[in-house]
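A.B. asks: no sequence on hand, only this structure:
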């Protein structure tokens, strides 16, 4: 009876290990799919609101296709690593992380190196600069209404002070010249 109990314990441990590996593989696949979805969303968000020219658009779709292919290759590699682990091979958990990080880097490079991405990034930066200018205008108006000197007013005063100092220096030089001539 003790031999059967030992065999049952080994079988139970084996089943737990297989369940854990199945859970790990399922989580890995789920994370891979989420990463791909997030990538596609980010790319779509970057492209939203700016319609690049046909060549840039074509280049963007090609880069997305290449990035998708990179993700699919990594999914195959992750599946292979998972199969190796389920076969009893020692596969460090870091290997899964490294595959994902390398894949993300390669896929992002594919998309970020396109003129479509550059155009979309330029549009975003331009929008942010416009928002910053509008925010500064609102701030300046609010400060002016409260009777507090604004940055532009202080800059104007500083410019005037420099000009007054320059004129004063010029007048002092002329006075020195006149005094020297009278002596």
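C.D. replies: That came through fine. A quick note: this is a predicted structure, and the numbers were derived from the prediction, not measured.
A.B. asks: can you list the domains in the chain?
C.D. replies: As assigned by automatic domain parsing, the chain contains the domains 2-148, 149-183.
A.B. asks: quick one: the longest one to chain centroid distance?
C.D. replies: The reference is to domain 2-148. 12 Å (C-alpha atoms, centre = their mean, to the nearest Å).
A.B. asks: for that domain, what does the pLDDT average out to?
C.D. replies: Averaged over domain 2-148, pLDDT sits at 77.
A.B. asks: check which residues of the host helix or strand of residue 136 are buried.
C.D. replies: Taking DSSP states H and E as the definition, one finds residue 136 inside helix 115-145. Applying a neighbour-count criterion of 16 or more other C-beta atoms under 10 Å, the buried positions in helix 115-145 are 115-117, 119-120, 123. Just so you know, the C-beta spots here come from the backbone N, C-alpha and C atoms, and that holds for glycine as well.
A.B. asks: now, among those, which is nearest to residue 33?
C.D. replies: residue 117 (22.7 Å; C-beta to C-beta).
A.B. asks: that older thread, turn the buried residues of helix 115-145 into JSON lines, columns for distance to residue 136.
C.D. replies: Converted to JSON lines, those look like this (distance: C-beta to C-beta, whole Å):
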{"residue": "115", "distance to residue 136": "31"}
{"residue": "116", "distance to residue 136": "31"}
{"residue": "117", "distance to residue 136": "28"}
{"residue": "119", "distance to residue 136": "26"}
{"residue": "120", "distance to residue 136": "25"}
{"residue": "123", "distance to residue 136": "21"}
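A.B. asks: among those residues, which pair sits farthest apart?
C.D. replies: 115 and 123 (12.5 Å).
A.B. asks: name the next helix or strand downstream of the strand or helix carrying residue 5, please.
C.D. replies: Here residue 5 sits within helix 2-47, counting by DSSP H and E. Per DSSP H and E, the first helix or strand lying C-terminal to helix 2-47 is helix 54-86.
A.B. asks: who are the packing partners of the next helix or strand after that next one?
C.D. replies: Where DSSP H and E defines the elements, the next helix or strand beyond helix 54-86 is helix 93-112. Using 3 or more C-beta pairs under 8 Å, 6 or more residues apart in numbering; DSSP states H and E as the contact test, the elements touching helix 93-112 are helix 2-47, helix 54-86.
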